[in-house]
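> Following is a predicted model, sequence given first.
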Protein chains: 2
Amino acid sequence: MTAQRRVVAEVLDGEHVHLTADEVHSRAVAKLPEISRATVYNTLGELVSLGEVLEVATDKRAKRYDPNAHRPHHHLVCAQCGEIKDVHPGGNPLADLPDSERFGFKVSDVEVTYRGVCPNCAAA
Amino acid sequence: MTAQRRVVAEVLDGEHVHLTADEVHSRAVAKLPEISRATVYNTLGELVSLGEVLEVATDKRAKRYDPNAHRPHHHLVCAQCGEIKDVHPGGNPLADLPDSERFGFKVSDVEVTYRGVCPNCAAA
DNA sequence: ATCCAGTATTGGATAAAGTCCAAGGTCATA
DNA sequence: TATGACCTTGGACTTTATCCAATACTGGAT
């Protein structure tokens, strides 16, 4: 555990945190000015491999990193400003996919992304 | 309607078609050698605006374009090779998101992505 | 059939996001 | 202190996508 990794881990902490790699880097630089982009990417990649952090691809621009990897959840995204909330819907989408629709795949995971407009953007 | 647009529309036709912009361009070039990348991007953008084609962000690399926009469906993705199938699960995920989990958003849409391993990759 | 205004296309430049790599630094151990 | 393992750095490079000015094409009006 190096100073650089500690800083990345610190930046990625909290509820409803979904930063891009670049945002992580900016915030990390604020705490440790000499940290490089490459290290941020390396560390994020390791955290993802370790299962400590999730990659989220809600919009098609930069990947986002979600530290809330240990409680399963899905995402609610504002179509206008891009804000992302963690949500915990009921139901079991895995059970809703009949065998006839599995094409022989071994299905292991489901991701659900709700889209809408957040209160801020609705007001504007 | 120009030759270029016709070619792009032709390339994007069929079931379980989920090409990247680059793949669309390659195939379009095969039919119309002088078509430019910019035109492919423009045309894809227009088709998306018109609601004729969907953008899919299943992996975090290039966007993919799905011509099957008129029958609602979700996606099943192979985690190894990236193959994508259209699927039609039962259930109603929208109904599964309680008000208490909506954070005041006006929720209008849900995307469900199943992940697993396709028969090919499982055999290998 | 021709002309025109408007729209589409082109290719090259540019941007944004991410990856790769060689060189150098740090740390624990012996 | 010397050694080896692993991290970090910065810059070059790749991939994906967008922008722009110049040119070409389209369809309707004449």
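Looks like it arrived, so ask away. Numbering: from 1, shown residues only, chains lettered A, B, ... in the order given.
> Show me how the record splits chain A into domains.
Domain ranges of chain A: A:3-66, A:74-123, per automatic domain parsing.
> would you turn those into a markdown table with distance to B:G91 and mean neighbour count?
Bear in mind the C-beta positions are built from the backbone N, C-alpha and C, glycine included. Shown next, in a markdown table, are those (distance: least, Cβ to Cβ, whole Å; neighbours: other Cβ atoms under 10 Å in any protein chain shown):
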| stretch | distance to B:G91 | mean neighbour count |
| --- | --- | --- |
| domain A:3-66 | 21 | 16 |
| domain A:74-123 | 4 | 17 |
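> Put together CSV for the ones you listed, with distance to B:A57 on each row.
Shown next, in CSV, are those (distance: least, Cβ to Cβ, whole Å):
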stretch, distance to B:A57
domain A:3-66, 4
domain A:74-123, 9
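> Relative to DNA strand D, which of those is closest?
domain A:3-66 (3.2 Å; Cβ to the nearest atom of the strand).
> which residues of chain A fall in helices?
Per DSSP state H, chain A carries helices over the ranges A:3-11, A:21-31, A:37-49, A:119-123.
> how about JSON lines for the ones you listed, with distance to A:V56 and mean pLDDT added?
As requested, these are arranged in JSON lines below (distance: least, Cβ to Cβ, whole Å; pLDDT from 0 to 100):
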{"stretch": "helix A:3-11", "distance to A:V56": "16", "mean pLDDT": "96"}
{"stretch": "helix A:21-31", "distance to A:V56": "12", "mean pLDDT": "97"}
{"stretch": "helix A:37-49", "distance to A:V56": "11", "mean pLDDT": "96"}
{"stretch": "helix A:119-123", "distance to A:V56": "20", "mean pLDDT": "94"}
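> can I get the ones you listed in JSON lines with distance to DNA strand D?
Formatted as JSON lines, those follow (distance: least, Cβ to the nearest atom of the strand, whole Å):
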{"stretch": "helix A:3-11", "distance to DNA strand D": "3"}
{"stretch": "helix A:21-31", "distance to DNA strand D": "9"}
{"stretch": "helix A:37-49", "distance to DNA strand D": "3"}
{"stretch": "helix A:119-123", "distance to DNA strand D": "20"}
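> and of those helices, who's closest to B:T20?
Nearest to B:T20, of all the helices of chain A, is helix A:21-31, at 21.4 Å by Cβ to Cβ.
> quick one, that closest one and helix A:37-49 angle?
120 degrees (axes from the mean of the first three to the mean of the last three Cα atoms, to 10 degrees).
> isn't A:G116 right up against A:L76?
Yes - the criterion here is Cβ atoms under 8 Å, and A:G116 meets it with A:L76 at 6.8 Å.
> list the residues that contact both of the two?
B:102, B:105, B:107 (Cβ atoms under 8 Å, 6 or more residues apart in numbering or on different chains).
> Keep those residues, but drop any that are not near chain A.
Restricting these to those touching chain A (Cβ under 8 Å from any Cβ of the partner chain) yields B:102, B:105, B:107.
> Find the nearest non-adjacent residue to the last one, please.
Counting by Cβ to Cβ, 6 or more residues apart in numbering or on different chains, B:V107 lies nearest to A:G116, which is 3.8 Å off, once chain neighbours are set aside.
> swap in the first one?
Taking Cβ to Cβ, 6+ apart as the measure, B:R102 lies nearest to A:L76, with 7.0 Å between them; neighbours along the chain are not counted.
> Read off the pLDDT value for the one you found.
With respect to pLDDT, A:L76 scores 96.
> can you check A:A57 too?
Here the pLDDT value assigned to A:A57 is 87.
> what sits against the closest residue to it other than its chain neighbours?
Spatial nearest neighbour of A:A57, chain neighbours left out: B:K60 (4.4 Å); criterion: Cβ to Cβ, 6+ apart. Neighbour list for B:K60: A:55, A:57, A:63 [criterion: Cβ under 8 Å, 6+ apart].
> surely the first one meets A:K63?
Yes - the pair A:E55 / A:K63 is scored as a contact, 5.2 Å apart, by Cβ under 8 Å.
> If anything else comes up later, I'll come back, but that's it for now.
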